[in-house]
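Asker: Sequence first, predicted model second:
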Amino acid sequence: MLLKEHRKVQELEATLAQQQKGMEALTARLKMQAAQIQEVSAQFEMAKLAPRTVLTAR
């Protein structure tokens, strides 16, 4: 019985380690996406502030 419980604990520890790696990967991906969003937002703001050239027919 003790051996069975020990094996179960080992399985749970392995599962936990896998989940932690998955969370770390997701966190890294979210950070990259947040940086990309900030970059696009900054570009959008610059485009909004850029002077517009109006062509008039003469």
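Answerer: Perfect, I can see it now.
Asker: any weak-confidence spans in the chain?
Answerer: 53-55, 58 (pLDDT under 70).
Asker: and the residue nearest the centre of it, what element?
Answerer: For the chain, residue 30 is the residue whose C-alpha lies nearest the centre (CA atoms, centre = their mean; 1.0 Å). If you go by DSSP states H and E, residue 30 is part of helix 2-49.
Asker: again, but for residue 51
Answerer: Going by DSSP H and E, residue 51 is not in any helix or strand.
Asker: Could I get the contacting residues of it?
Answerer: The contact partners of residue 51, taken as CB atoms under 8 Å, 6 or more residues apart in numbering, number zero. C-betas here are computed from N, CA, C, even on glycine.
Asker: What does it show for phi and psi?
Answerer: phi -70, psi 140 (degrees, to the nearest 10).
Asker: cool, and residue 50?
Answerer: Dihedral angles (degrees, to the nearest 10) for residue 50: phi -60, psi 140.
Asker: burial count for it?
Answerer: 8 (other CB atoms under 10 Å).
Asker: I'd like the distance between it and residue 29.
Answerer: Going from residue 50 to residue 29 by CB to CB, to the nearest Å gives 32 Å.
Asker: can you check residue 19 too?
Answerer: 15 Å.
Asker: Could you do residue 22 as well?
Answerer: Residue 22 is 11 Å from residue 29, by CB to CB.
Asker: Kindly format the C-alpha coordinates of stretch 18-35 as PDB.
Answerer: The C-alpha coordinates for stretch 18-35 follow below in PDB (Å, rounded to 0.1, in the frame of the first residue of the first chain):
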ATOM      1  CA  GLN A  18       4.600  19.600 -16.600                       C
ATOM      2  CA  GLN A  19       1.900  22.100 -15.700                       C
ATOM      3  CA  GLN A  20       4.500  24.500 -14.400                       C
ATOM      4  CA  LYS A  21       6.400  24.300 -17.700                       C
ATOM      5  CA  GLY A  22       3.200  24.900 -19.600                       C
ATOM      6  CA  MET A  23       2.400  27.900 -17.500                       C
ATOM      7  CA  GLU A  24       5.900  29.300 -18.000                       C
ATOM      8  CA  ALA A  25       5.600  28.900 -21.700                       C
ATOM      9  CA  LEU A  26       2.100  30.600 -21.700                       C
ATOM     10  CA  THR A  27       3.500  33.500 -19.600                       C
ATOM     11  CA  ALA A  28       6.400  34.000 -22.000                       C
ATOM     12  CA  ARG A  29       4.000  34.000 -24.900                       C
ATOM     13  CA  LEU A  30       1.700  36.500 -23.200                       C
ATOM     14  CA  LYS A  31       4.600  38.800 -22.500                       C
ATOM     15  CA  MET A  32       5.600  38.700 -26.200                       C
ATOM     16  CA  GLN A  33       2.100  39.500 -27.300                       C
ATOM     17  CA  ALA A  34       1.800  42.400 -24.800                       C
ATOM     18  CA  ALA A  35       5.000  43.800 -26.200                       C
END
